[in-house]
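Participant: Quick one, structure for this:
(2 chains)
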Amino acid sequence: MPKSPNMGKNLTTRSEDYSKWYNELVVKADLAENSAVRGCMVIKPYGYAIWEKMQAELDRMFKETGHENAYFPLFVPKSLFEAEEKNAEGFAKECAVVTHYRLQNDPDNPGKLRVDPAAKLEEELVVRPTSEAIIWNTYKGWIQSYRDLPLLINQWANVVRWEMRTRLFLRTAEFLWQEGHTAHATKAEALEEAQLMNRVYAEFAENFLAMPVIQGTKTESERFAGADETYCIEALMQDGKALQAGTSHFLGQNFAKAFDVKFTNNQGKQDFVWATSWGVSTRLMGALIMTHSDDNGLVLPPNLAPHQVVIVPIYKGQEQLEAISQVANEIVKDLRMRGISVKYDNRDTHKPGWKFNEYELKGVPLRIGIGPKDLEKRTVELARRDTLTKEFVAKDEVVDRVALLLQEIQEALYTKAKNFRDSHITTVNTFDEFKEVLENKTGFISAHWDGTSETEDKIKELTKATIRCIPMDAEQEEGTCVYSGKPSPQRVLFAKAY
RNA sequence: CGGGUAGUAGCUUAGUCCGGUUAAAGUGCUGGUCUGGGGGACCAGAGAUCGGAGGUUCGAAUCCUCUCUACCCGACCA
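Facilitator: Numbering: from 1, shown residues only, chains lettered A, B, ... in the order given. As a prediction, the model looks like this:
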């Protein structure tokens, strides 16, 4: 039985210090660590395996909706970058810039290198913070006719945003993501694309991350620079702070005009194309961690767990291990036939108790323990990570039971997160209530807003809360702004955010 | 990028204020024996030029200067 609340794993608990809990968990569960470069992380194999599972599913969904993958350069010539003014302005403060292309031995410091002052680039290269510029410059050459449209392309890439304050997965100077960039003949089609991809994100978040999200649109001040409309999925973390988990932008004709991407329509007339872009990043790893994990470590939904099941033998001596391994290997084989990923940990270098803690820390959804008593009774011990409950199951029934439980866990995690989220959406009608809920209860606050940036800014200044989104499914409801008292047609969601 | 705090063995830390033998502990690591149903016990051993670079001094983990990194608070941001 547990000796300490988190069974000696020595994790800071969420109630002690949520932020510290997160930082420790990422490192201790072997997901990622800081590197020698400020703000840049090393994603470790276990963390990368989860990311690969996210990628695989998203990639499948993108392809099912007609998209193809391509790859564009890391560097963007400054002249291209600045072409779409609003976008350039939005990212300017956080761009890394390549100015030289050669190093040389430093004559003043033997054994050291310096930048060769003679190797200055004619034109500086911006390390992409996002790829609209290089992509639209390329699309110009690909699109002449409405027959070339729609152009539906995605790329998996890294991007760099020189962040001042970074956190593993949540905000790093370099991160991995996918960015979809599409071109369409009509405004309606581009709008539909942007909304479709936001729905794809929502579906992915709910079915794979087991993370409930609110779909909505961003206000002008939260909108992507260069977009006419930004759709988003917003999730709520266990500490009551909101996290933007994905965005999809309707770019209008802004980039088409900036990069002169015209096509001839079926009436023989020239027009600018309509564009979208959409992305999710390794930030989803942070969302995943903060949605489900507990004081014992990571809790992974079965649909994303690198190992859905781990088998731990409990034995004295080689003879017992061999007898147990025989049973374990049968189970491994049967589980794999059912498409369930399983790891048999027969290492003799760690004791069972140590392994239990290790796999709990790493969030493996189900653990099977097999010992001599189980051999006698032809049973196994089955332990659930999410509830920390155990049961004994007949060996012959274990595969069916595991399959069922994995499904159940996936659903239970979603339900638990959804209950938490739903119970943390509070409707308020006065600014005092607003502040009180934000301070004590936290979470989303549903309130009327007069639609102006001034009010939004003022509320942010006073409370640190921002408008996370105008929910898609919001009812039209006449009311008065919670801050200014001016008329408002519907409620929006406020929260403190990551 | 501004304000604050901290960097000592793989990790967590003591020592720093007040400079002085061989830099200490827990954990982890290696070997061995006993063990084995929730991070085992005992014995033995290896492991740090004290974040880095300069400086002061007979002598620096300790004092001074610069710098790098992490964390917290702001501004900024997915």
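Participant: and the nearest residue to A:Q320 once chain neighbours are set aside, how far is that from A:K355?
Facilitator: Leaving aside its sequence neighbours, A:Q320 sits nearest to A:P372 (Cβ to Cβ, 6 or more residues apart in numbering; 5.7 Å). C-beta here means a position set from N, CA and C on the backbone, and glycine is covered the same way. Distance check for A:P372 against A:K355: by Cβ to Cβ, to the nearest Å, it reads 17 Å.
Participant: What of A:R199?
Facilitator: Here A:R199 is placed at a distance of 41 Å from A:K355 (Cβ to Cβ).
Participant: Between these two, which has more neighbouring residues?
Facilitator: In this view A:R199 and A:K355 are compared by other Cβ atoms under 10 Å, and A:K355 has more residues nearby, 19 against 15.
Participant: In contact with the more buried one, which residues are there?
Facilitator: A:V310, A:V312, A:D345, A:R347 (Cβ atoms under 8 Å, 6 or more residues apart in numbering).
Participant: Am I right that the second one is in contact with A:V364?
Facilitator: Going back to what we said before, that points to A:V312. No: taking contacts as Cβ atoms under 8 Å, A:V312 lies outside contact range of A:V364: 10.1 Å.
Participant: surely A:I233 meets A:F204?
Facilitator: No: counting by Cβ under 8 Å, A:I233 does not reach A:F204; the two are 9.0 Å apart.
Participant: and these two? which has more neighbours close in?
Facilitator: The neighbour count for A:I233 versus A:F204, taken as other Cβ under 10 Å, is higher for A:I233 (28 against 23).
Participant: sec struct for the more buried one, please.
Facilitator: With DSSP: H, G, I helix; E, B strand; the rest coil as the basis, A:I233 sits in strand.
Participant: Beta-bridge partners for it, please?
Facilitator: A:I233 forms beta bridges with A:Q215, A:G246, as assigned by DSSP bridges.
Participant: What pLDDT does the model give it?
Facilitator: With respect to pLDDT, A:I233 scores 98.
Participant: Pick out the residue of the stretch 1-150 of chain A closest to RNA strand B.
Facilitator: When scored by Cβ to the nearest atom of the strand, the stretch 1-150 of chain A has A:R38 as its residue closest to RNA strand B, at 3.2 Å.
Participant: ok, for that residue, nearest residue in space, not its chain neighbours?
Facilitator: Using Cβ to Cβ, 6+ apart and skipping the chain neighbours, the partner closest in space to A:R38 is A:A173 (7.0 Å).
Participant: show me what contacts the one you found?
Facilitator: Applying Cβ under 8 Å, 6+ apart to A:A173 gives the contacts A:V37, A:R38, A:G39, A:C40, A:V160, A:R161, A:W162, A:E163, A:T166.
Participant: For the nearest residue to the first one once chain neighbours are set aside, grab phi and psi.
Facilitator: Going back to what we said before, that points to A:V37. Spatial nearest neighbour of A:V37, excluding adjacent residues (Cβ to Cβ, 6+ apart): A:A173 at 7.5 Å. In terms of degrees, to the nearest 10, the main-chain angles of A:A173 are phi -70, psi -40.
Participant: distance of A:A173 from RNA strand B?
Facilitator: Taking Cβ to the nearest atom of the strand, to the nearest Å as the measure, A:A173 falls 7 Å from RNA strand B.
Participant: just to revisit the earlier point, only whichever of the contacts of A:K355 are buried, select them in PyMOL.
Facilitator: Buried residues among the contacts of A:K355 (16 or more other Cβ atoms under 10 Å), as a PyMOL selection:
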select buried, chain A and resi 310+312+345
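Participant: Remind me which helix or strand the nearest residue to A:D348 once chain neighbours are set aside belongs to.
Facilitator: Once flanking residues are discounted, A:D348 sits nearest to A:L321: 7.4 Å by Cβ to Cβ, 6+ apart. Following DSSP states H and E, the helix or strand that holds A:L321 is helix A:317-337.
Participant: ok, residues contacting stretch A:92-102?
Facilitator: So stretch A:92-102 is in contact with A:75, A:78, A:81, A:115-121, A:124-127, A:129, A:160-163, going by Cβ under 8 Å, 6+ apart.
Participant: any idea of the mean pLDDT in it?
Facilitator: Average pLDDT, stretch A:92-102: 93.
Participant: Can you check the pLDDT for A:A32?
Facilitator: 96.
Participant: I'd guessed it sits against A:T166; true?
Facilitator: No: with contact defined as Cβ under 8 Å, A:A32 does not count as touching A:T166 (11.8 Å).
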